[in-house]
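Here you go, sequence then predicted model.
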Amino acid sequence: MFRIVCFLLATMASGMSFADVSAVYGFESRSEEQRYQELISELRCPKCQNQNIADSNSPISKDMRNVVYQMMLDGASNEEIVDSLVDRFGEFVKYKPDLDRRTFILWATPAIAVLGGLLVVVGVVVRSRRSGKAGPELTAEEQERAERMLAQRNQNGNG
């Protein structure tokens, strides 16, 4: 029994040593805490693949969370905070980059692809309607031959 209790205590203690205690920030109001959570959810970790800084455990994300918190304490607006991080880490940290010369292709590509697809579909439909019938008509000789083959098939199938 003593061994079981010691084993359980050792197991629980070893689990606690691996626990990562994330930074706990003090906020004056619930709205400030919600603002902070929204900001860190909208910013992407420069190191991680498509993960926001709220969910990332990388050191750079922890640094970014500290910067957001400190700037909030200093009275910076959301725009000022985001602009500061964009200046420091680049446009990549924003999930929704602004529309400008550099990002126009990024924003226009879906519309260009849809319009291109529609043009292809319209072209195929118009071309098929212009051609009229699906295939050329049979000559009189070909028509007779086809009728003979069908008649012969019917005779063999019925007899």
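It's in. Numbering: from 1, shown residues only.

switch to C-alpha atoms for all contacts and neighbour counts from now on
Noted.

what's the burial count for residue 41?
As a burial measure, residue 41 scores 16 neighbours (other CA atoms under 10 Å).

Need the mean per-residue confidence for the helix or strand hosting it.
In the assignment (DSSP states H and E), residue 41 maps to helix 30-42. In this model, helix 30-42 has a mean pLDDT of 89.

Show me what secondary structure element comes after it.
Beyond helix 30-42 in the direction of the C-terminus, DSSP H and E gives the next helix or strand as helix 59-73.

Please compute how far the next helix or strand after that following helix lies from its chain's middle.
Next helix or strand after helix 59-73 toward the C-terminus (DSSP H and E): helix 78-89. From the chain centre to the centre of helix 78-89 is a distance of 23 Å (CA atoms, centre = their mean, to the nearest Å).

With stretch 26-33 instead?
With CA atoms, centre = their mean as the basis, the mean position of stretch 26-33 lies at 31 Å from the chain mean.

contacts for that stretch?
Applying CA atoms under 8 Å, 6 or more residues apart in numbering, stretch 26-33 turns out to have no external contacts.
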